[in-house]
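Colleague: Sequence first, predicted coordinates after that:
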Amino acid sequence: MAKYKFLIIIYLYSILSSSVSNSLNVDVQTFYRVPFLNIRWIDVAILIIVLNYFYNLFRQIELVQNTSLLKILCFVYLLFESFQLLRTWRVIDVAGQISWFLCTLNFFILIDLLTFKMSDRKVILLLKDLAVWGSIVLIISNGYLLYSFIRGNTILTDLNIRVAIEVDGAKETVSKVVLTPFVYIFNLYFVRNESSLLKKIIYVISIFLIYATLVITNDRGQLVTIILLSIAFISMFSSTSHQIVTRFFGIFVLFLVFYLVVGSVLANKGYDPIQKLIHTIEFSMDTKNPEWDKGRSIPREFALDVWRRHLWLGVGYDDLYHQGLDSTISTSHNFIITSLFHRGIIGTIIYLLILSILYLNSIKLWYLLKKDKNYQNDMLKMLIVVSAFWLIPFWTQEMIWEKYSLSVQFIYFGLLTNTYSQIYS
């Protein structure tokens, strides 16, 4: 469990790095990378998991025979990616290719958790710790963004509808798409079930700042996620109509208090919470708006055109720029299209088969957990819900090479599959 705690700590630390580097006016790469070495901390965490897996496997060699279709597919995928790296070696910057391959090694998280059993107690403790420390990290990160916005020290991005902080050396983005949903739904649960007053305060402040971030960033995907998570929490974790009403009223009160405390401050900056959230919802639904796609159809069409010329294997460890796309356009912003571009039909089918089995196991585990309602099962069910909402950024963002959030998402999947395999067996 220590190796997963270390990886999560690195993820949380990396999220904080942009706020710290901005406040100190230093290059964020100073925090992302190991001092005196040209390697990221997250790469170290991933390599530790890989090395630890083989070390433990050699100590328990009998586990080699303990195989499953999912584990076989993971190894097949890693072999396919190794072949892809070799056949396209040096077509672009080698450092970038190695970084992408290290991201691919995240599959060893799944393999490790499919091989070695983990006690329920350790899983629950890990989830509780992540809820607390994730809340603190979001308080600092979102709080700093809100503070910078109020002070006027932020920048506008994406057609002047998103607010962000400017960070030197931001060659990569540490996404919070797997942390914010986790913290939000777990905090809704713990606000009512936690006995510690200090932790209750932490959870409430974290929720308030999530709401504030929704207002000032106009993030459509995150807004949809938070709304649907609220509905899921009310409907899926209530066994009576009284509980449904109570939880709905509780979320309403949380937003009302947030509006009363922060709403006037945001309104004075031209960001009234109600108006901005309504605007974001309307913008999300107005597909005829020429700015709705924000130019993402251009790299999507370009990536698909290139894929059609490399139908089965894709272009491998190559990028859009090397294939001729304007360097001012970043990515295709779609998991499937990006996968087809890099891996072709063969690699994409293997990847989707792995994800399909992971989600199928999560659904099966959900129905097993429904048989007995208790604190532990509620924790696991919330993790299933959080994992399901990864599909939103899956369709709209570059999740394949986003090693920070991808590694944590694979921990979620691995813990659920590990639990399911133990119950099923």
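Modeller: Nice, I can see it. These numbers were taken from a predicted model, which means no experiment stands behind them.
Colleague: Tell me the spacing between the nearest residue to Ile216 once chain neighbours are set aside and Asp219.
Modeller: Leaving out its chain neighbours, the residue that sits closest to Ile216 by C-beta to C-beta, 6 or more residues apart in numbering is Val163, at 4.6 Å. Backbone N, C-alpha and C define where each C-beta goes, glycine included. In this view, Val163 and Asp219 are 10 Å apart by C-beta to C-beta, to the nearest Å.
Colleague: same deal with Phe58?
Modeller: Taking C-beta to C-beta as the measure, Phe58 falls 45 Å from Asp219.
Colleague: Among the two, which residue is more densely surrounded?
Modeller: A direct count of neighbours by other C-beta atoms under 10 Å for Phe58 and Asp219 places Asp219 higher, at 21 against 10.
Colleague: pLDDT score for the residue nearest to the more buried one when sequence neighbours are not counted?
Modeller: Distance criterion C-beta to C-beta, 6+ apart; nearest residue to Asp219, sequence neighbours excluded, is Arg162 at 7.0 Å. Looking at Arg162, its pLDDT stands at 71.
Colleague: what do you get for Asn25?
Modeller: At Asn25, the model reports a pLDDT of 87.
Colleague: Spit out the contact partners of it.
Modeller: The contact partners of Asn25, taken as C-beta atoms under 8 Å, 6 or more residues apart in numbering, are Asp168.
Colleague: gap between it and Glu166?
Modeller: Remark: distance between Asn25 and Glu166 (C-beta to C-beta) = 10 Å.
Colleague: got it, and Val50?
Modeller: Going from Val50 to Glu166 by C-beta to C-beta gives 35 Å.
Colleague: and what of Trp89?
Modeller: For Trp89 relative to Glu166 (C-beta to C-beta), the value is 35 Å.
Colleague: you'd agree the residue nearest to Ile216 is in a helix?
Modeller: No. Assigned with DSSP: H, G, I helix; E, B strand; the rest coil, Val163 falls outside any helix and is strand.
Colleague: The helix or strand hosting Thr419: which residues count as buried?
Modeller: Assigned by DSSP states H and E, Thr419 falls within helix 403-424. By neighbour count on 16 or more other C-beta atoms under 10 Å, the buried set for helix 403-424 is 403-421.
Colleague: Quick one: low-confidence residue ranges for the stretch 1-150 of the chain.
Modeller: Low-confidence regions of the stretch 1-150 of the chain, defined by pLDDT under 70, span residues 65-66.
Colleague: Try it again at 50.
Modeller: Within the stretch 1-150 of the chain, not a single segment meets pLDDT under 50.
Colleague: the helices in it, which residues?
Modeller: Using DSSP state H, counting those that start in this stretch, the helices found in the stretch 1-150 of the chain span residues 2-24, 29-32, 41-59, 69-87, 94-104, 107-115, 120-151.
Colleague: For Ala2, the count of nearby residues, please.
Modeller: Ala2: 8 neighbours (other C-beta under 10 Å).
Colleague: and if you look at Asp129?
Modeller: 13.
Colleague: Hmm, Tyr4 and it touching each other?
Modeller: No. In this structure, Asp129 is not within contact of Tyr4 by C-beta atoms under 8 Å, at 10.6 Å.
Colleague: roughly how far out does stretch 157-171 sit from the chain middle?
Modeller: 19 Å (C-alpha atoms, centre = their mean, to the nearest Å).
Colleague: for this protein, what's the longest helix?
Modeller: For the chain, the longest helix by residue count, based on DSSP state H, is helix 335-369.
Colleague: After that helix, which helix or strand is next? Please name it.
Modeller: helix 375-388.
Colleague: Below-threshold pLDDT in the stretch 151-300 of the chain: ranges please.
Modeller: Within the stretch 151-300 of the chain, not a single segment meets pLDDT under 50.
Colleague: before we move on, the earlier item: restricting to C-alpha, output the helix holding Thr419 in CSV.
Modeller: C-alpha atoms of helix 403-424 as CSV (Å, rounded to 0.1, in the frame of the first residue of the first chain):
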residue,chain,number,x,y,z
LYS,A,403,0.0,10.4,-16.5
TYR,A,404,-0.9,12.2,-13.2
SER,A,405,-4.6,11.7,-13.2
LEU,A,406,-4.5,8.5,-15.2
SER,A,407,-2.3,6.8,-12.6
VAL,A,408,-4.8,7.7,-9.8
GLN,A,409,-7.8,6.6,-12.0
PHE,A,410,-6.0,3.2,-12.5
ILE,A,411,-5.7,3.0,-8.7
TYR,A,412,-9.4,3.4,-8.4
PHE,A,413,-10.0,0.8,-11.1
GLY,A,414,-7.5,-1.6,-9.5
LEU,A,415,-8.9,-1.3,-6.0
LEU,A,416,-12.4,-2.0,-7.2
THR,A,417,-11.3,-5.0,-9.3
ASN,A,418,-9.2,-6.3,-6.4
THR,A,419,-12.2,-6.1,-4.1
TYR,A,420,-14.5,-7.7,-6.7
SER,A,421,-12.1,-10.6,-7.3
GLN,A,422,-11.8,-11.4,-3.6
ILE,A,423,-15.6,-11.3,-3.1
TYR,A,424,-16.3,-13.2,-6.3
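Colleague: got the angle for that helix vs helix 120-151?
Modeller: If you take axes from the mean of the first three to the mean of the last three C-alpha atoms, to 10 degrees, helix 403-424 sits at 150 degrees to helix 120-151.
Colleague: helices or strands up against helix 403-424?
Modeller: helix 2-24, helix 41-59, helix 94-104, helix 107-115, helix 120-151, helix 335-369, helix 375-388 (3 or more C-beta pairs under 8 Å, 6 or more residues apart in numbering; DSSP states H and E).
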